[in-house]
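> Next comes the sequence, and after it the predicted model I'd like to discuss.
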Protein chains: 2
Amino acid sequence: MREFKRKSRILLIDDNADHLRGVKELITLESSYDVVGATTSVNMGISLAKKYRPDIILMDINMPEKDGLQAIQELEKLDLGVKVIALSGYDDADLIFRAMKLGAKGYVLKTMASAQLIYAIDEVASGKIYLPTALTSRFFEYFQRSFKEETQTSNEENLLTYLTAREEEVLELLTQGNNYKGIAGKLFISETTVKTHVNNIFQKLQVNDRTQAVLYALNNGFANRKAIRA
Amino acid sequence: MREFKRKSRILLIDDNADHLRGVKELITLESSYDVVGATTSVNMGISLAKKYRPDIILMDINMPEKDGLQAIQELEKLDLGVKVIALSGYDDADLIFRAMKLGAKGYVLKTMASAQLIYAIDEVASGKIYLPTALTSRFFEYFQRSFKEETQTSNEENLLTYLTAREEEVLELLTQGNNYKGIAGKLFISETTVKTHVNNIFQKLQVNDRTQAVLYALNNGFANRKAIRA
DNA sequence: TACTTTATCAATCCAAAGATGTAAGACAAA
DNA sequence: TTTGTCTTACATCTTTGGATTGATAAAGTA
């Protein structure tokens, strides 16, 4: 490791000029970070990011011109290795979830105390992810709710449990887009045997054709089931 | 609100009898919680949960007999309103992720200081979600990685963009398990026209049959695409 | 041992899916 | 106006899919 402990470089993007100035001063005065840019334009911000390669970007995500969330997505796609911290006025669960999903390394509220903002930057700069406790709870409630809906369908009764091991193998190959011939070749059995298995699968899953069988499998955690068993 | 501030009731499930006893004593002596049960058997634990309706369950998820994760899932399905805290010896990202996904309200390590365990229980009892900072980071790294892979595929080139509006409609009906007749009926066009569209879809998506087309659609954010446009 | 489940294979038959070529009307852009 | 794309439609033909029935052998279970 040739390089170590140089000042982390920060880029600020916030369409509110006053807030932008305030944060810039705060960071300049109260921390050892190097503000390499501060702009009220999202597009300008992305350009600056490409040019100056900051370590961290503080990104306001409540902006009219272009959505800050979209900007995060674009930055992640560019793969500059920059750590984006989302700045927002709202502690809305959906916003938090989307920001984190898109790759934000932190999410802080504008109403936060300045010392805490510096702390958040410190944490993210050191490679961690920072979310205030209250927002972490918000996030997880949202996260679990969205997954609950997914598994809920299998709540009544998961017909996949009735499949034999062999039928599961066949179904897996079906979910990979194989036809009878392909499955027969991969399992080293005759095509007619495959047909028998597939027919049994249809009966058990109460569907009429392979597409419906595949959809049933995917919608009822077929992949997960295998992962757990393995 | 008729009832308020009664002692929260806790159920302990841990196949390690020593650890079980230790935790039980800790909670009995150092907190105001009421331990309503303590068992080394997962199945017994679930039965006790149904019987005594505890507020909180401390569940060891590294058990041989039956996977603790599966137990969490079952408990969530039963919808007893119990808050499960996962207890584990490992800070493995995948384990944490799966536990939280299944509805755990907290995840604590067995190596944790006892005061911190009590704190975790306090937090969860008050309706929050508790994850130690280090584990939160682990979780989010895993979380973001899994989402990055999802969006990454559509990064190269999404063949779905070449579909016309009508073809998208047809594809959507395909992803719902419809056959030619079904699609024709729903779009008020002839079956032969549907065949034409479907064939064009195959060409554009470079697949051979409807199952592969459906799989391509699902794996390349077809649902999302629609959502964004709407 | 008798019974059940599972996996294997076959033959037959009909329906559905898919490939290919052709074409007409609508509509928008050049 | 011409060109091109999109949507609609049909005919024909081949392939694949799916239903049904029946049969055998192995493995496990009561």
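Alright, I've got the coordinates.
> burial count for A:Val82?
A:Val82 sits with 21 neighbouring residues when counted by other Cβ atoms under 10 Å in any protein chain shown. Glycine gets a C-beta too; all of them are placed from N, C-alpha and C.
> and what of A:Leu20?
18.
> helix or strand right after whatever helix or strand it lives in?
Per DSSP states H and E: A:Leu20 is located in helix A:17-30. Downstream of helix A:17-30, the next assigned helix or strand under DSSP H and E is strand A:34-39.
> next one: that following strand to chain centre, how far?
For strand A:34-39, the separation from the chain centroid amounts to 27 Å (computed by Cα atoms, centre = their mean, to the nearest Å).
> Parallel or antiparallel, list what pairs with that strand.
strand A:9-13 (parallel) (DSSP bridges).
> Domain ranges for chain A, per the record?
Domains of chain A are assigned by automatic domain parsing as A:9-143, A:162-223.
> Quick check: mean pLDDT of the last one?
Rounded to a whole number, the mean pLDDT of domain A:162-223 is 92.
> quick one on the thing from earlier: can I get the domains of chain A in TSV including distance to DNA strand C?
As requested, the domains of chain A are exported to TSV (distance: least, Cβ to the nearest atom of the strand, whole Å):
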stretch	distance to DNA strand C
domain A:9-143	25
domain A:162-223	3
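> wait, which of the ones you listed is closest to B:Leu205?
domain A:162-223 (11.2 Å; Cβ to Cβ).
> Near chain B, which residues of chain A? Just list them.
Within chain A, the positions adjacent to chain B are A:73, A:76-77, A:100-103, A:128-129, A:131, A:133, A:136-137, A:140-141, A:143-144, A:147-148, A:151, A:155, A:174-177, A:179, A:207, A:209-212, A:214-215, A:218, A:228 by Cβ under 8 Å from any Cβ of the partner chain.
> Among those, name the ones in helices.
Using DSSP state H, the members of these that fall in helices are A:73, A:76-77, A:100-101, A:133, A:136-137, A:140-141, A:143-144, A:147-148, A:151, A:155, A:174, A:210-212, A:214-215, A:218, A:228.
> Which members of these are classed as buried?
A:73, A:76, A:100-101, A:136-137, A:140-141, A:143-144, A:148, A:151, A:174, A:210-212, A:214-215 (16 or more other Cβ atoms under 10 Å in any protein chain shown).
> Which ones among those also lie next to DNA strand D?
A:210-211 (Cβ under 7 Å from any atom of the strand).
> Please name the residues that touch the spatially most central residue of chain A.
Centroid-nearest residue in chain A, with Cα atoms, centre = their mean: A:Lys101, separated by 2.8 Å. A:Lys101 makes contacts with B:143-144, B:147, as judged by Cβ atoms under 8 Å, 6 or more residues apart in numbering or on different chains.
> how far away is it from B:Gly45?
Applying Cβ to Cβ, to the nearest Å, the value for A:Lys101 to B:Gly45 is 34 Å.
> What of A:His19?
Applying Cβ to Cβ to A:His19 and B:Gly45 gives a distance of 51 Å.
> Have a look at the two and say which one is more surrounded.
In this view A:His19 and B:Gly45 are compared by other Cβ under 10 Å, and B:Gly45 has more residues nearby, 28 against 16.
> Grab the nearest non-local neighbour of the more buried one.
B:Ile13 (3.7 Å; Cβ to Cβ, 6 or more residues apart in numbering or on different chains).
> what bridges to that neighbour?
Under the criterion used here (DSSP bridges), B:Ile13 is bridged to B:Thr39, B:Met59.
> Kindly tell me how buried the closest residue to A:Leu26 other than its chain neighbours is, as a neighbour count.
Nearest residue to A:Leu26, sequence neighbours excluded (Cβ to Cβ, 6+ apart): A:Ser114, at 5.1 Å. Taking other Cβ under 10 Å as the neighbour definition, A:Ser114 ends up with a count of 15.
> What score does A:Ser114 have for pLDDT?
88.
> which phi and psi does it have?
phi -60, psi -40 (degrees, to the nearest 10).
> A:Asn220 too?
According to degrees, to the nearest 10, A:Asn220 has phi -120, psi 30.
> hang on, it packs against A:Thr161?
No. A:Asn220 is not in contact with A:Thr161 according to Cβ atoms under 8 Å; the separation is 9.8 Å.
> Same drill for the two, tell me which one is more crowded.
The residue with more neighbours, out of A:Asn220 and A:Thr161, is A:Asn220; 20 against 10, by other Cβ under 10 Å.
> Just give the number of residues close to the closest residue in space to A:Ala38 that isn't next to it in sequence.
Leaving aside its sequence neighbours, A:Ala38 sits nearest to A:Leu12 (Cβ to Cβ, 6+ apart; 4.1 Å). Counted with other Cβ under 10 Å, the neighbours of A:Leu12 add up to 25.
> Please apply the same query to the one 5 residues further on.
A:Ala17 is surrounded by 11 other residues when neighbours are defined as other Cβ under 10 Å.
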